[in-house]
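Visitor: Show me the folded form of this:
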Amino acid sequence: MKSLLDIQQDVRKLENSVQEIVESIKNVSADIDNIRNSSEGAALDFSKIEVLAKQIDFGKHPLDKLKDGHICQVYLEMLLSIVQLDSDEEVTINRMVFIQWLQIQARIDWTLEDLYKDSFKIDKKSYFEFVDLIPKKYKEYFFVDALIVANIAGNANEEIYEYIADIVTILGISERSIKELALVARLALSQRIDGIGREALEVLQDKAKGYSHYFKSEFTEDSQKALRVIVVELHDNVAKNFKWKVQQQQKVQRGDVIATYQKEKKSRGYSYIKNYELEEIRASVPGTIFQFRNNNTYYGVIAHEEDNKDSIKAWVKARI
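Guide: I've put the predicted structure just below:
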């Protein structure tokens, strides 16, 4: 049972969290007031934007499954608030095209033009409504989409990043999730895994199912292959008394002993008697171990836990 002191500390933490949210809402509202007091920008060709949006080659966005049209409306108008924080005409068109694609995915009656005009009416109450209405998983989808909108034509301005930071505070997304979702947005925009480290590729694989609308199967397969590391490749002629020290598809850490075998010990002179010494094979990277034999050879491949043994086996054979 918690002591009175523990309860008081919990209350203080809660008060601090509430205060952060209130301050964030004030900051966001100030941004919107600035927008409202300024020009709404040059006239946009919404018919052209719609034509361009239909050329976007992504899969079905989760908004397609969200049957509540009002939530979709608020979701899209919050994204349109980001567009209003940058007056660059070319960048605005690119951002509007992406949001138009989202509007098509959402299948709501509101046109992009209607949503854009209505987004100028956003006030403090709108943010509380947004937090209350939007399902937990869609808060993360929104954050990814917000980052895509912000960076779709290059780096966003500081005002946009501050706006998104305030929105994230209101939504209550954890620091760890922010980093992972930011990576998802980055890869969705680049569609390239060049220069991406192993840890980042692991995150991509973990998030691949939830964000499959942004990643084609070929992309996730390539990232999956990039995580594969052959740690055991020993022919029977070399490996005497080979023994696995881990189970099939067991998670291992770097440095773990995954197998042992007896290796012939080199002698200085000729001898009829062969001497052997025990050799340990350790994991060079963390991951899940997949084991199999092919052509009298033991193979061990460390890969992502969602990988497939048959696929890995075919991949190894293709490399031989």
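Visitor: Return the residues in contact with Ile289.
Guide: Contacts for Ile289 (Cβ atoms under 8 Å, 6 or more residues apart in numbering) come out as Val231, Val246, Gln248, Gln249, Gln250, Lys251, Val252, Ile258, Ala283, Gly300, Val301, Ile302. From N, CA and C alone the C-beta is placed, and that goes for glycine too.
Visitor: So which of these is the closest to Ala188?
Guide: Distance to Ala188 across the contacts of Ile289 (Cβ to Cβ) is lowest for Ile302, with 26.7 Å.
Visitor: before we move on, the earlier item: give me the subset of the contacts of Ile289 lying in helices.
Guide: If you go by DSSP state H, these have nothing in helices.
Visitor: Asp57: which of those is nearest?
Guide: Val301 (32.2 Å).
Visitor: hang on, isn't that closest one packed against Arg228?
Guide: Yes - here Val301 lies in contact with Arg228, judged by Cβ atoms under 8 Å, at a distance of 5.5 Å.
Visitor: Quick check on the two: which one has the bigger neighbour count.
Guide: Taking other Cβ atoms under 10 Å, Val301 and Arg228 do not tie; Val301 has more neighbours (23 against 19).
Visitor: residue contacts, that one?
Guide: Arg228, Val229, Ile230, Val231, Val232, Ile289, Phe290, Ile312, Val316.
Visitor: and the last one, how far is that from Asn295?
Guide: For Val316, the distance to Asn295 (Cβ to Cβ, to the nearest Å) stands at 11 Å.
Visitor: Between these two, which has more neighbouring residues?
Guide: Between Val316 and Asn295, counted using other Cβ under 10 Å, the more crowded position is Val316 (18 against 9).
Visitor: which ones are touching that one?
Guide: By Cβ under 8 Å, 6+ apart, the contact set of Val316 is Ile230, Asn294, Tyr299, Val301.
Visitor: List the buried residues in the helix or strand hosting it.
Guide: Element membership for Val316 (DSSP states H and E) is helix 309-319. For helix 309-319, burial by neighbour count (16 or more other Cβ atoms under 10 Å) applies to Ile312, Lys313, Trp315, Val316.
Visitor: which one of these is nearest Lys137?
Guide: For these, the nearest to Lys137 is Ile312 (30.7 Å; Cβ to Cβ).
Visitor: Surely the closest one and Thr288 touch.
Guide: No - contact criterion Cβ under 8 Å: Ile312 and Thr288 do not qualify, at 10.2 Å.
Visitor: ok so, going back, looking at the contacts of Ile289, spot the one nearest Gly154.
Guide: Nearest to Gly154 among the contacts of Ile289, counting by Cβ to Cβ, is Ile302 at 37.0 Å.
Visitor: Pretty sure the closest one sits against Val229.
Guide: Yes - using Cβ under 8 Å, Ile302 is in contact with Val229, at 4.8 Å.
Visitor: Overlap in contacts, the two.
Guide: Ser284, Val285, Gly287.
Visitor: For those, which entry has the maximal number of neighbours?
Guide: Compared across the shared contacts of Ile302 and Val229, Gly287 has the highest neighbour count, 23 neighbours, by other Cβ under 10 Å.
Visitor: wait, what's in contact with that one?
Guide: The neighbours of Gly287, taking Cβ under 8 Å, 6+ apart as the test, are Glu202, Leu227, Val229, Lys251, Val252, Ile302, Ala303, His304, Glu305.
Visitor: just checking, which of those belong to strands?
Guide: Val229, Lys251, Val252, Ile302, Ala303 (DSSP state E).
Visitor: out of these, which one sits closest to Trp110?
Guide: Using Cβ to Cβ, Ala303 is the member of these that lies nearest Trp110, at 44.8 Å.
Visitor: Right, I'll leave it there.
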